[in-house]
Structure formats: C-alpha cells, structure tokens
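# what follows is a predicted structure for the sequence shown.
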Amino acid sequence: MKFFAVKILLIGGIMAIYFLWPKSISLPKMGTVTDWELTEVGTRAVPAYDKPKLITFFYTNCPDICPTTMIDLQNLQQSMANEGITEDQYMIVSITLDPAYDTEERILQYKEAFGISSPNWVFLRGSEDEIIRFTESFNFVFEKNKNGFLTHSTSMYIVDSENQIRSNHDMAVGDKKVNNEEIISHFRQLIQEAE
C-alpha cells in the first residue's frame, strides 16, 4: 500500500512539474532604448516602435559583413513568413553608422540594390552625435579612422515592444551566417509576450 501511495505521489509530482514549469525561459532585460531621434530614410518620420524589432547597424561602403548580413536578413524574413509570423508582428531596423557618407539617396540605392521593399524593414539615419548616442544604449562600438575606413562591432539586438533590449546576435562574419533559427525563436517569444 505504501508503495502504491508513493508511486501516485511521484506521478502526481511529475505531472505538476510538467504542467506548471514554464515552457521557455524568459529572455533577460539587458537595458532600455530611450532615444529614438533617428528618422526613417524615405519618409523623414520617426517610425512607431511598438513591436519586437531586430536592430542592425551598417554602412553602405562596408565590403563584407554588412552586405552578407543583409542577405541573411532577407532569408530571415522568408523564414519568418514560412513560420507563420507576419510582417506586421515585427520590424527590422537598420541604422547607418556613417551618416556623412550615407545620404538618404545612397541608402535608398542600397535598399534597391538588395531588393529590400518590405514596409517592416526600415533604414534610419541621423546626425553623427545622434548615432553615437543611440549606439551607446547597446554598448555597440564603432570607429571611423582618418582615411574614412569604418570598423564596428558585429552584434545585432532584439528589442521588445517596450524597448527593452532582450538578446544579441552575431552578424554574418566570414563563413558564419546569421543564426536565423535563434532569432525566430526569440521573436516568437516576444510576440507572444506582447499579446
């Protein structure tokens, strides 16, 4: 009889753990983005940031990391659609690190060269001081030398609908592609949190 009671308690405990244990671990809150002074190229408006977003940094003269990342992010959008995540549920935000060179016209040509036309993928620019202030929210490091060559960190960031930084991801570097599966998983979690 004792054995039977212990067995029932053990099964009950396992079932309680299964049904009550969180299905996924919540993404940490790693900081807040408070300064959205940058404006959208092509509209001169400050977009609404009330949904989860992937923040990326780029410059149009970048010879390797930025263009390969753009291609991987286009694949991300297709994968999101295949997973049933619609463009109105998230954003991709690409911010130039070189506003002196990256005029509005150059950025629009860059978007066109990559065939980027989705309304949920916005490109932003601002003054050099505004860009510096914005990157500080992410501890993102970049530097332009006297010859105009720009070096930068290779991180991208997922920010939730309340502008909390929740995760960071690597850009495409060398043969290593963007981890789209992980980004989709994080987006899915934040979309569910926002509902």
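Looks like it arrived, so ask away.

# contacts only, for the nearest residue in space to residue 152 that is not next to it in sequence.
Closest residue to residue 152 apart from its sequence neighbours, by Cβ to Cβ, 6 or more residues apart in numbering: residue 142 at 3.7 Å. C-betas here are computed from N, CA, C, even on glycine. With contact taken as Cβ atoms under 8 Å, 6 or more residues apart in numbering, residue 142 is in contact with 57, 97, 135, 150-153.

# narrow those residues to those that are buried.
Listed as buried from the contacts of residue 142 are 57, 97, 135, 150, 152-153; burial here means 16 or more other Cβ atoms under 10 Å.

# ok, which stretches of the protein are strands?
For the chain, applying DSSP state E gives strands covering 39-40, 53-58, 91-96, 121-125, 142-144, 150-152, 155-159, 165-170.

# by contact count, what packs against the last one?
Looking back up the chat, that one is strand 165-170. For strand 165-170, the packing partners by 3 or more Cβ pairs under 8 Å, 6 or more residues apart in numbering; DSSP states H and E come out as strand 155-159, helix 180-194.

# read off the pLDDT value for the most centrally placed residue in the chain.
In the chain, the centroid-proximal residue (Cα atoms, centre = their mean) is residue 54; its distance is 1.7 Å. pLDDT for residue 54: 96.

# test my guess that it contacts residue 92.
Yes - the criterion here is Cβ atoms under 8 Å, and residue 54 meets it with residue 92 at 5.0 Å.

# for the chain, give me the ranges with low pLDDT.
For the chain, the stretches with pLDDT under 70 are 1-25, 44-47.

# which residues of it fall in helices?
Remark: helices assigned in the chain by DSSP state H are 2-20, 65-82, 104-114, 128-136, 180-194.

# dump the C-alpha coordinates for the third one into PDB.
Taking only C-alpha atoms (Å, rounded to 0.1, in the frame of the first residue of the first chain), the coordinates of helix 104-114 have been written out as PDB:
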ATOM      1  CA  GLU A 104      19.300  59.400 -47.900                       C
ATOM      2  CA  GLU A 105      19.800  58.900 -51.700                       C
ATOM      3  CA  ARG A 106      22.700  56.400 -51.100                       C
ATOM      4  CA  ILE A 107      20.700  54.400 -48.600                       C
ATOM      5  CA  LEU A 108      17.700  54.200 -50.900                       C
ATOM      6  CA  GLN A 109      20.000  52.900 -53.700                       C
ATOM      7  CA  TYR A 110      21.500  50.400 -51.200                       C
ATOM      8  CA  LYS A 111      18.000  49.100 -50.300                       C
ATOM      9  CA  GLU A 112      17.100  48.900 -54.000                       C
ATOM     10  CA  ALA A 113      20.300  47.000 -54.800                       C
ATOM     11  CA  PHE A 114      19.300  44.400 -52.300                       C
END
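
# please identify the deepest-packed of the helices and strands packed on strand 165-170.
strand 155-159 (a mean of 22; mean count of other Cβ atoms under 10 Å).

# what's the angle from it to strand 91-96?
Here strand 155-159 runs at an angle of 140 degrees relative to strand 91-96 (axes from the mean of the first three to the mean of the last three Cα atoms, to 10 degrees).

# which residues touch strand 155-159?
By Cβ under 8 Å, 6+ apart, strand 155-159 touches 27, 33, 49, 52-57, 69, 138, 140, 165-171, 178, 183, 186-187, 190.
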